[in-house]
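Peer 1: model this:
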Amino acid sequence: MNKYMTNFAAEIGLINLVIDKNKLLSLSVSENDLPVNKSLKSAAKENILLQDIVNQLEQYFTQACSFHDIPWLLMGTPFQKRVWHELTKIPLGKTMSYGELAKKIQSSPRAVGNACRKNPLAIIIPCHRVVSAKGIGGYAGKTEGNNITIKRWLLHHEGVEL
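Peer 2: The predicted structure is shown next:
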């Protein structure tokens, strides 16, 4: 497996990508104070998958849209993969509570939240669309600070007001 790692600046922070030649392995968001990979565009020219992912992310950050045909390799438990699969069914501009999702897959809200926290493909597998019954809930394992600011931005960008 040949891994490629890169990042680029977006409105919510640095988007960090890890791919191999044929699959997206990880997408995460980090603070803007990390160094930006200046060779992103040249790396994208060398790797069609990376170019496609970057193009789709740029489109998403310009105007919220759905992602399509991104091949990925998910590393997780069977339960986590089941939750992540259900997350992909939540439409752009909509939310679902942890409890609603838990009921749908016959689990508990806490277990769903734990699987969301482990989501390796943030934004593309839209765990930000899962909210608490009484508010925004958490994001990437945090219930306050920059992670919640990111979740609010993503939801607002997609037309969701909480």
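Peer 1: every contact and neighbour count from this point should use C-alpha atoms.
Peer 2: Will do.
Peer 1: now do the strand or helix carrying Gln56: distance to the chain's middle.
Peer 2: Element membership for Gln56 (DSSP states H and E) is helix 48-62. In terms of C-alpha atoms, centre = their mean, to the nearest Å, the centre of helix 48-62 is found 13 Å from the chain centre.
Peer 1: pLDDT wise, what is the residue nearest to the spatial centre of the chain at?
Peer 2: With distances taken as C-alpha atoms, centre = their mean, the residue of the chain nearest its centroid is Ala122 (1.5 Å). At Ala122, the model reports a pLDDT of 94.
Peer 1: now swap in the one 4 residues further on and tell me
Peer 2: Reading off the per-residue confidence, Pro126 sits at a pLDDT of 97.
Peer 1: and the gap between it and Ser66?
Peer 2: 10 Å (C-alpha to C-alpha, to the nearest Å).
Peer 1: these two - which one has more neighbours?
Peer 2: Remark: of Pro126 and Ser66, Pro126 carries more neighbours, 24 against 16, as counted by other C-alpha atoms under 10 Å.
Peer 1: list the residues that contact that one.
Peer 2: Applying C-alpha atoms under 8 Å, 6 or more residues apart in numbering, we find Pro126 in contact with Leu87, Thr88, Ile90.
Peer 1: what about 6 Å?
Peer 2: Contacts of Pro126 were listed using C-alpha atoms under 6 Å, 6 or more residues apart in numbering, and they are Leu87.
Peer 1: one more: Met96?
Peer 2: By C-alpha under 6 Å, 6+ apart, Met96 lies in contact with Val130.
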